[in-house]
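Enquirer: Here is a sequence together with a model predicted from it:
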Protein chains: 2
Amino acid sequence: MPLISSCEVDTALELITGKWKPSILLALINGDTLRFSELKRSLPNISQKILTAQLRDLEEQDIIIRTIYPEVPPRVDYRLSEYGKTLIPVLETMNAWGIQHAERMRQK
Amino acid sequence: MPLISSCEVDTALELITGKWKPSILLALINGDTLRFSELKRSLPNISQKILTAQLRDLEEQDIIIRTIYPEVPPRVDYRLSEYGKTLIPVLETMNAWGIQHAERMRQK
DNA sequence: CCGTATCCCTTAAGATACTG
DNA sequence: CAGTATCTTAAGGGATACGG
């Protein structure tokens, strides 16, 4: 019996693949709660449409929580859900791997 | 300073994203050394073209090693490189997360 | 047996403009 | 401020047929 099953790896992978999702998650890990405009500033090259789409994905997967404040001007902020926080160790492992092996990447 | 940097996470992510790459890596983790036809059997729904392409990607990234035996009929096998094996803990972490959270997925 | 070549399709991503 | 709407492009994936 396999120690690792493809389907479970894919489960995790689905949640964090998307060109900008790691960056968004990291911003929320490091920044706790961020407004739409703050996220946009953290990701200088993303268009509003894409940022909205990725946030909607993450929200639908219950990884992040979107809070709308009924104010003028409008205010919306995003934070990791408790469920989303369980992904932190996964991201940390990938990060640690990346740091250890970044050298090889740079040679290419 | 952030504990996790997006760019390092992406480094790891790049290597394992691709619809079939986790499955290929798992097959090689569990099966050690496999021939093309054995891999194809492990991944019943993949086309030859795609399998070849994904294997070439992994080979180019030095994650797997491709060995050609000058025989008739041709024989080629694939195995993880030492570098590729460093990804195992990453996959294991993702797998563990997936198992723990598969329940939530099934409810959706 | 282990591939390539060709052609097609879907999807993600992006630029840009507009709105409550 | 925080989004939609519209249009376009690029890349990944796939079915099928052929080749050394």
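Expert: Happy to help now that I have it.

Enquirer: Which of the helices or strands spans the one residue sitting closest to the centre of chain A?
Expert: The residue lying closest to the centre of chain A (Cα atoms, centre = their mean) is residue A:25, at 2.5 Å. Here residue A:25 sits within helix A:21-31, counting by DSSP states H and E.

Enquirer: do that helix and chain B meet at all?
Expert: Yes: applying Cβ under 8 Å from any Cβ of the partner chain, one finds helix A:21-31 touching chain B at A:22-23, A:26, A:29-30. For every residue, glycine as well, the C-beta is placed using N, CA and C.

Enquirer: For the residue in chain A that DNA strand C sits nearest to, the count of nearby residues, please.
Expert: Per Cβ to the nearest atom of the strand, residue A:19 is where chain A lies closest to DNA strand C, at 3.2 Å. For residue A:19, the count of nearby residues is 11 (other Cβ atoms under 10 Å in any protein chain shown).

Enquirer: next one: residue A:33
Expert: 12.

Enquirer: Residue A:7 now?
Expert: 14.

Enquirer: residues in contact with it?
Expert: residue B:98 (Cβ atoms under 8 Å, 6 or more residues apart in numbering or on different chains).

Enquirer: Now do the buried residues in stretch A:22-30.
Expert: A:22-29 (16 or more other Cβ atoms under 10 Å in any protein chain shown).

Enquirer: ok, the residues you listed vs DNA strand D, which is closest?
Expert: Among the buried residues of stretch A:22-30, and counting by Cβ to the nearest atom of the strand, the member closest to DNA strand D is residue A:24, at 12.3 Å.
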